[in-house]
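Trainee: Sharing a model that was predicted from the sequence below.
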Amino acid sequence: MKVRRPLVYRSINSLESAGLIRPSKTEAGVQGSERTVYSPTARGKTTSAKWLESIVEHPRDARIELLAKFVLRSRANMSNKSLAKRQRDLFSMFAQEFKAKEKAAKTNTKLVARWRYESIHAMIRLLDSVIDG
């Protein structure tokens with residue numbers, strides 16, 4: 001995956017403005033100009049730790065946010081099981097809601113309701129595999 005340079009710099013500026021990172025040193029760049037290396041502030045470390053422990057509130061956000069949390073937690077040698085258990089508990093409630101909506105759906109919206117249920121059910125199966133893993 002390639003991230004566009006303007007997005008990277010906007011993100012760095014936002015994190016620095018929020019007090020989550022700070023410039024820590026400069027070093028020679030590969031293509032000439034110096035580059036700035038950033039380090040997390042104490043507030044940045046706390047915010048990051050809280051985010052890594054928090055569940056994703058809605059299934060539509062799981063594809064990017066939850067997967068990112070699992071990857072970053074793995075890189076930091078953190079277990080994903082406790083997060084997966086808490087996430088599964090929440091998503092199980094969504095699954096029950098989606099199943100009820102599917103049963104009550106009219107013919108023209110039944111397929112969409114079924115899609116939502118099957119999608120959340122797939123996420124729950126994945127979370128179960130992380131827990132059992």
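Mentor: On my side now, so go ahead. Because the structure is predicted, anything quoted here is derived from the model rather than measured.

Trainee: farthest residue from the center of this structure?
Mentor: Gly32 (34.8 Å; CA atoms, centre = their mean).

Trainee: in the sheet, who's paired with that residue?
Mentor: Counting by DSSP bridges, Gly32 is bridged to Gly29.

Trainee: now it: how far from Thr26?
Mentor: Plainly put, Gly32 is 13 Å away from Thr26 if you go by CB to CB, to the nearest Å. Where C-beta positions appear, they are placed from N, C-alpha and C, glycine not excepted.

Trainee: cool, Val71 as well?
Mentor: Using CB to CB, Val71 is found at 29 Å from Thr26.

Trainee: From the centroid of the protein, which residue is nearest?
Mentor: In the chain, the centroid-proximal residue (CA atoms, centre = their mean) is Glu65; its distance is 1.7 Å.

Trainee: Skipping adjacent residues, who's closest to it in space?
Mentor: Nearest non-adjacent residue to Glu65, counting by CB to CB, 6 or more residues apart in numbering: Val56, 5.0 Å away.

Trainee: got a pLDDT number for the one you found?
Mentor: Looking at Val56, its pLDDT stands at 96.

Trainee: Help me confirm that it is found in a strand?
Mentor: No. Counting by DSSP: H, G, I helix; E, B strand; the rest coil, Val56 is not found in a strand; it is coil.

Trainee: How many neighbouring residues does it have?
Mentor: Per other CB atoms under 10 Å, the neighbour tally for Val56 reads 20.

Trainee: Check the one 10 residues further on too.
Mentor: Residues near Leu66, counting by other CB under 10 Å, number 21.

Trainee: Equivalent analysis for Lys85, please.
Mentor: A count of nearby residues for Lys85, using other CB under 10 Å, gives 14.

Trainee: any idea which element it lies in?
Mentor: Using DSSP states H and E, Lys85 maps to helix 81-104.

Trainee: after that helix comes which helix or strand?
Mentor: With elements assigned by DSSP H and E, the helix or strand that comes after helix 81-104 is helix 107-132.

Trainee: buried ones in that following helix?
Mentor: Judged by neighbour count (16 or more other CB atoms under 10 Å), helix 107-132 contains these buried residues: Ala113, Arg116, Tyr117, Ser119, Ile120, His121, Met123, Ile124, Leu126, Leu127, Val130.
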